[in-house]
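Chemist: Next input, structure requested:
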Amino acid sequence: RVYRVAEESRRAESRAATRIQSWFRGCRVRAYLSHLHKKATIIQKIWRGFAARARLRQMVKVYQLPQPLWIY
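Modeler: As a prediction, the model looks like this:
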């Protein structure tokens, strides 16, 4: 009988420890995913700026070339 109570107590403690560990792992994973999301946003921001500047340079080049023909 004492053995059964001790065994049940040990199982309850083990379940509690497992629950705490899984909660902690979940917190770490969510923090890491948040970190990845922020970094992905930064990469997207840099790429969109680069692409927009490239489009602008192309537009400026297209509109600057014919100008001498219009002036003369």
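Chemist: Please count neighbours and contacts with C-alpha atoms only from this point.
Modeler: Noted.
Chemist: and the biggest helix by length in the chain, what other elements does it pack with?
Modeler: Ranked by residue count under DSSP state H, the longest helix found in the chain is helix 2-64. Using 3 or more Cα pairs under 8 Å, 6 or more residues apart in numbering; DSSP states H and E, no helix or strand is in contact with helix 2-64.
Chemist: From residue 43, how far out is residue 56?
Modeler: Using Cα to Cα, to the nearest Å, residue 56 is found at 20 Å from residue 43.
Chemist: centre of the chain versus the longest helix of the chain, how much separation?
Modeler: Between the centre of helix 2-64 and the centre of its chain there are 5 Å (Cα atoms, centre = their mean, to the nearest Å).
Chemist: what mean pLDDT would you report for that helix?
Modeler: Per-residue pLDDT values across helix 2-64 average out to 94.
Chemist: and the residue most central in space within the chain, how far is that from residue 43?
Modeler: The centre of the chain sits closest to residue 37, judged by Cα atoms, centre = their mean, with a distance of 1.6 Å. Distance of residue 37 to residue 43, computed by Cα to Cα: 10 Å.
Chemist: And residue 13, by the same measure?
Modeler: Here the criterion is Cα to Cα. By it, residue 13 lies 45 Å from residue 43.
Chemist: Distance check, residue 48 against residue 21.
Modeler: For residue 48, the distance to residue 21 - Cα to Cα - is 40 Å.
Chemist: How about residue 12?
Modeler: According to Cα to Cα, residue 12 stands 14 Å off from residue 21.
Chemist: again with residue 5
Modeler: Residue 5 sits 24 Å away from residue 21, going by Cα to Cα.
Chemist: repeat for residue 1
Modeler: Distance of residue 1 to residue 21, computed by Cα to Cα: 30 Å.
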